[in-house]
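S.K.: below are the sequence and a predicted model for it; my questions follow.
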Amino acid sequence: MTDEVKGLNESTQFVTVMIGGQLFGLPIERVHDVFMPESITRVPLSRSEIAGVLNLRGRIVTAIDMRRRLSLSARSDGGTAMAVGIESKGESYGLLIDNVGEVLDLPHASREPNPVNLDPRWTSISVGVHRLNGQLMVILDVDRVLAGMAEAIAA
């Protein structure tokens, strides 16, 4: 099998999440937990997208409001937020989302570059898209989403 053919058969698994009615995908190897955050303690003078910190099984986790991070309006339906636990550079983060979907195994060949009309704020933290039955799944780049968060929480 040639490398070109082998590459067409490769796939990536994504944990799908909904944020503000938009479908996003997180590479499954970056997701450590899915949980419902309880008590979040606000951190004074932190960036607006940092909702605060919480205790998750004895670990201090920085909670990041993904609606704010993606420049979306606050949730108005009163629903309970969920969180996806991520580790990066020795720090624990909880990405606050609206809800978690399913795990999708998608072929590399169906991944497309970010559309030219995708909001530049989203383009800056995504690495492409997958078209799924008339719906666009934006693939989040976890490292870009978290860029500067450790410094912001320490400030």
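M.R.: Nice, thanks for sending it over.
S.K.: helix, strand or coil for R68?
M.R.: With DSSP: H, G, I helix; E, B strand; the rest coil as the basis, R68 sits in helix.
S.K.: list the contacts of it.
M.R.: S48, E49, A51, A74 (Cβ atoms under 8 Å, 6 or more residues apart in numbering). Quick note: C-beta positions are derived from backbone N, CA and C, even for glycine.
S.K.: quick one: the strands in this structure?
M.R.: Counting by DSSP state E, the chain has strands at residues 11-19, 22-27, 31-35, 50-56, 59-65, 82-88, 91-97, 99-107, 111-112, 126-132, 135-140.
S.K.: now those strands in a markdown table, with mean pLDDT and mean neighbour count?
M.R.: Shown next, in a markdown table, are those (pLDDT from 0 to 100; neighbours: other Cβ atoms under 10 Å):
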| stretch | mean pLDDT | mean neighbour count |
| --- | --- | --- |
| strand 11-19 | 95 | 18 |
| strand 22-27 | 96 | 20 |
| strand 31-35 | 94 | 16 |
| strand 50-56 | 92 | 19 |
| strand 59-65 | 93 | 20 |
| strand 82-88 | 93 | 20 |
| strand 91-97 | 94 | 22 |
| strand 99-107 | 95 | 13 |
| strand 111-112 | 95 | 14 |
| strand 126-132 | 95 | 17 |
| strand 135-140 | 95 | 19 |
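S.K.: out of those strands, which is closest to L146?
M.R.: Among the strands of the chain, strand 82-88 comes nearest to L146, with 5.0 Å by Cβ to Cβ.
S.K.: each with direction, which strands does the closest one pair with?
M.R.: Strand 82-88 pairs in its sheet with strand 31-35 (antiparallel), strand 91-97 (antiparallel), by DSSP bridges.
S.K.: so what touches the shortest one?
M.R.: To tie it back to what came earlier, the one meant is strand 31-35. V15, L56, M82, A83, V84, G85, I86, E87, S92, G94, V100.
S.K.: can you give me every residue that contacts the residue nearest to the fifth one when sequence neighbours are not counted?
M.R.: Right, the one you point to is V84. Leaving aside its sequence neighbours, V84 sits nearest to L95 (Cβ to Cβ, 6 or more residues apart in numbering; 4.7 Å). By Cβ under 8 Å, 6+ apart, the contact list for L95 reads V17, L26, I64, M66, A83, V84, I86, V145.
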